[in-house]
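Student: My questions concern the predicted model and sequence given below.
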Amino acid sequence: MNAEQQKPTGLTKNTGWQVGLRRTIAYPHQKVWELMTSSAGVSIWLGLGKPFKMEKGALYNLQDGTSGEVRVVKPPSHLRITRYPQDPNYDRASTIQIRVIKKDTTSVLVFHEEHLPSQEERQARKRFFLRAAEQILILLQRKH
């Protein structure tokens with residue numbers, strides 16, 4: 001395959017545009033999981049809205065009009081939810097996966113989102129998750 005035929009970074013055959021981010025955090029796994037599933041944590045990595053139960057089948061609506069459904073909750077390791085923003089570029093919901101992986105006394109926080117509509121949206125979501133990871137770390141530092 002030559003350079004002209006290579007797919008751009010983040011473009012897959014089956015899920016379209018996707019983005020992922022991993023951060024090792026020097027906090028215990030359970031503390032990170034508790035924060036990620038709390039109202040404060042969810043507002044950071046998903047957005048502001050009315051609190052909802054983090055359980056399979058729960059529906060949510062954010063202040064910006066984004067809606068979705070919780071698809072998988074496997075404490076204390078991962079979440080999978082749909083995200084459907086009120087944006088004409090989205091013709092379907094994207095899927096966000098959050099993982100908290102135990103690594104000795106630290107944790108690896110993983111954000112992944114697939115079915116994004118474009119390379120531009122992939123870059124925007126990457127910036128969003130970078131900021132979210134920073135804010136999660138700041139909140140952990142304040143609570144510890």
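Tutor: That came through, no problem. Residues are numbered from 1 along each chain as shown.

Student: Tell me which other helices or strands the helix or strand of the chain with the lowest mean pLDDT touches.
Tutor: Sorting the helices and strands of the chain by mean pLDDT, DSSP states H and E puts strand 11-12 at the bottom, at a mean of 84. Secondary-structure packing of strand 11-12 (3 or more Cβ pairs under 8 Å, 6 or more residues apart in numbering; DSSP states H and E): strand 16-25. C-beta coordinates here come from the backbone N, C-alpha and C atoms, glycine included.

Student: mean confidence for the strand it packs on?
Tutor: Mean per-residue pLDDT for strand 16-25: 94.

Student: Just the buried positions in the helix or strand following that strand, please.
Tutor: Next helix or strand after strand 16-25 toward the C-terminus (DSSP states H and E): helix 29-37. Residues of helix 29-37 classed as buried by neighbour count (16 or more other Cβ atoms under 10 Å): 29, 32-33, 35-37.

Student: The least confident helix or strand of the chain pairs with which strands, and in what direction?
Tutor: Looking at strand 11-12 with DSSP bridges, its partner strands are strand 16-25 (antiparallel).

Student: What angle do helix 29-37 and the partner strand make with each other?
Tutor: 140 degrees (axes from the mean of the first three to the mean of the last three Cα atoms, to 10 degrees).

Student: any chance you could read off phi and psi for residue 49?
Tutor: Dihedral pair for residue 49: phi -180, psi -180, per degrees, to the nearest 10.

Student: gap between it and residue 69?
Tutor: In this structure, residue 49 and residue 69 are 13 Å apart, going by Cβ to Cβ, to the nearest Å.
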